[in-house]
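A.B. asks: coords please:
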Amino acid sequence: MHGAQPDNPTAPLRTSLVRAGLALVVIACGLSLRWYGFPLGLPAFVVKYGGSLLWATMVFLLVGVLLPKLPRPDVMLHSRVSDPQLAGAVRALAAAFKSAAR
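C.D. replies: Down below sits the predicted model:
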């Protein structure tokens, strides 16, 4: 039974609590970005699309809270972005990070 995982009933509860805690941190980051982004001198692009990225991350985490036994790839499928404007924002932000990393 090499590689078999033990039957641990507390694992889904712990996973849900961790994901819920991370969702709260993401919510706090999103609110902070909204309130303090411009006063800190962040570009409008980062404030606008960073909030969208944080919102998508929060949805991913909350779907994970509701479905704790689901593996990460399946959680991603259930929390996919269906709004075309938000999908465009995520693509634009990913492209900006990719170009900044060069």
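
A.B. asks: So in the protein, which helix runs the longest?
C.D. replies: Scanning the chain for the longest helix, with DSSP state H as the assignment, gives helix 10-36.

A.B. asks: which residue ranges form the strands in this protein?
C.D. replies: Taking DSSP state E as the criterion, the chain contains no strands.

A.B. asks: could you pull out the helices for it?
C.D. replies: So, for the chain - with DSSP H - the helices run 10-36, 44-66, 72-78, 84-101.

A.B. asks: tell me the angle of the second one relative to helix 10-36?
C.D. replies: Helix 44-66 and helix 10-36 are oriented at 160 degrees to each other (axes from the mean of the first three to the mean of the last three CA atoms, to 10 degrees).

A.B. asks: Name the residues of the longest helix of the chain that come out as buried.
C.D. replies: Ser16, Arg19, Leu22, Ala23, Val26, Ile27, Gly30, Leu33 (16 or more other CB atoms under 10 Å). All C-beta atoms are positioned from the backbone trio N, CA, C, and that covers glycine.

A.B. asks: out of the residues you listed, which one sits closest to Ala56?
C.D. replies: Ala56 lies nearest to Val26 out of those, by CB to CB, at 9.7 Å.

A.B. asks: Dump the helices of the chain to TSV, plus mean pLDDT.
C.D. replies: What follows is the helices of the chain, written out as TSV (pLDDT from 0 to 100):
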stretch	mean pLDDT
helix 10-36	88
helix 44-66	87
helix 72-78	67
helix 84-101	67
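
A.B. asks: who's in contact with the closest residue to Leu62 other than its chain neighbours?
C.D. replies: Sequence neighbours aside, Ala23 is the residue nearest to Leu62 in space, at 5.5 Å (criterion: CB to CB, 6 or more residues apart in numbering). Applying CB atoms under 8 Å, 6 or more residues apart in numbering, we find Ala23 in contact with Met58, Leu61, Leu62, Val65.
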